[in-house]
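Novice: based on what follows, work out the 3D shape:
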Amino acid sequence: INILLEVFKLGLNPCIFCIGQPDISPFEGQLSDSFKDWLKSNINKSLSKYSKKEKSLKLWHLNGAQNTYSEKQYLLTFHELDSITKEENNILKNQEHVFVTNNFTKDNFNLYGAENCSVIPLGLDSIFFNKLSKPAYDDPSIITFGVFAKYEKRKHTDIVVKTLCKLYGNNMKYRVHCQIFNPFLGRNPQEIEQNNKGLWHQLTEGNKYANVISYEYTKTLREYNDLLNSCDVVVDGGLNEGWSFPSATCCALGKHCIASSTMGTAMWANSENSVILKPNGKEPCYDGMFFSPGQPFNQSNIFSFNPSDVENAVRFAQERVRKNRLKASGPKLQ
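Specialist: From the prediction side, this is the model:
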């Protein structure tokens with residue numbers, strides 16, 4: 001949407017092709033009628049007006065980037081493992097140019113011979129995300145930890161949530177807000193909801209903690225902005241991120257942050273604005289859900305860390321909050 005808004009501001013009228021059904025409901029009440037009319041018009045005309053002679057920009061994964069409407073396709077993509085397959089490499093080489101969001105991915109692609117790459121770092125989406133002045137709780141002594149990324153092995157969600165439950169479960173001086181709902185865990189709404197509830201039961205080991213809250217899928221960006229603002233510390237176990245949007249946003253809004261020194265988070269997390277998690281090695285990426293062995297896409301390894309390092313980082317961040325709840329250095333990222 002932000003890319004499209006910039007194109008709209010430039011007064012351009014490109015053919016716009018949507019992968020799947022377009023849905024702007026998350027931006028409810030925050031997009032102008034003129035932009036929505038422009039978007040609809042340029043989607044509707046696309047099949048009758050496009051030309052393969054025109055350059056195109058595609059925002060998508062490597063799997064599917066081989067499908068193009070243009071002889072000169074520029075690809076903005078995300079890759080979150082430590083190597084690429086021969087199929088992925090060939091797809092990269094057939095792009096006119098490839099944009100990625102961090103130096104690790106660029107260097108990784110270059111290593112395998114795909115040299116047509118450059119880095120475009122992401123940033124704070126200041127249109128839809130901003131700092132709220134009202135605290136989440138009336139009691140100013142309460143410290144709130146946030147986990148804001150869909151459940152995945154790659155994000156080490158299980159280690160992070162179990163650590164927070166172990167340290168703070170039912171201690172009402174603390175709150176743990178978890179928005180880890182994964183909308184891809186099933187074939188229909190009922191199955192998705194059931195699988196997410198099952199995961200939560202597994203993560204909490206069946207315990208019902210009064211101060212550990214699991215949020216449903218957040219439908220609008222207004223709600224999501226409220227949720228990101230509700231924490232004092234965002235805890236990010238993702239050592240294998242293209243950028244890690246929720247954590248980067250929290251950090252830029254002045255929240256304390258726990259993040260890694262690897263891949264996308266290395267582009268913005270530093271010792272001044274974050275407690276840094278360092279990897280202790282690598283492990284295979286396969287999780288039985290999104291990464292399976294023997295496939296042409298998404299093979300190889302993810303970074304790992306020692307679970308005790310998460311516990312130490314959380315305790316250290318807790319003390320940072322007590323000394324200075326309003327972190328001054330994070331907003332420099334804006």
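Novice: so residue 98 is in contact with residue 117, correct?
Specialist: Yes: if you go by Cβ atoms under 8 Å, residue 98 and residue 117 touch, sitting 4.5 Å apart. For the C-beta atoms, the positions are set from N, CA and C on the backbone; glycine is no exception.
Novice: looking at the two now, which is surrounded by more residues?
Specialist: Just comparing residue 98 and residue 117: by other Cβ atoms under 10 Å the higher neighbour count belongs to residue 98, 24 against 19.
Novice: for the more buried one, give its distance to residue 115.
Specialist: 10 Å (Cβ to Cβ, to the nearest Å).
Novice: what sits in contact with each of those two?
Specialist: Residues touching both residue 98 and residue 115 (Cβ atoms under 8 Å, 6 or more residues apart in numbering) are residue 109.
Novice: follow-up on the earlier one: which residues do residue 98 and residue 117 both contact?
Specialist: Common neighbours of residue 98 and residue 117 (Cβ under 8 Å, 6+ apart) are 92, 109.
Novice: can you count the residues close to residue 136?
Specialist: 17.
Novice: check residue 40 too.
Specialist: 13.
Novice: how about it, secondary structure?
Specialist: helix (DSSP: H, G, I helix; E, B strand; the rest coil).
Novice: convert stretch 303-323 to PDB, retaining C-alpha atoms only.
Specialist: Output of stretch 303-323 as PDB, limited to C-alpha atoms (Å, rounded to 0.1, in the frame of the first residue of the first chain):
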ATOM      1  CA  PHE A 303      20.300 -19.100  13.000                       C
ATOM      2  CA  SER A 304      19.800 -20.500  16.500                       C
ATOM      3  CA  PHE A 305      20.500 -19.200  20.000                       C
ATOM      4  CA  ASN A 306      20.800 -20.500  23.500                       C
ATOM      5  CA  PRO A 307      17.400 -20.200  25.300                       C
ATOM      6  CA  SER A 308      19.200 -19.000  28.400                       C
ATOM      7  CA  ASP A 309      20.300 -15.900  26.400                       C
ATOM      8  CA  VAL A 310      16.700 -14.900  25.900                       C
ATOM      9  CA  GLU A 311      16.100 -15.100  29.700                       C
ATOM     10  CA  ASN A 312      19.100 -13.000  30.400                       C
ATOM     11  CA  ALA A 313      18.100 -10.400  27.700                       C
ATOM     12  CA  VAL A 314      14.600 -10.200  29.100                       C
ATOM     13  CA  ARG A 315      15.900  -9.600  32.700                       C
ATOM     14  CA  PHE A 316      18.300  -7.000  31.400                       C
ATOM     15  CA  ALA A 317      15.600  -5.200  29.400                       C
ATOM     16  CA  GLN A 318      13.400  -5.200  32.500                       C
ATOM     17  CA  GLU A 319      16.000  -3.300  34.400                       C
ATOM     18  CA  ARG A 320      16.400  -0.800  31.500                       C
ATOM     19  CA  VAL A 321      12.600  -0.100  31.700                       C
ATOM     20  CA  ARG A 322      12.800   0.500  35.500                       C
ATOM     21  CA  LYS A 323      15.600   3.000  35.000                       C
END
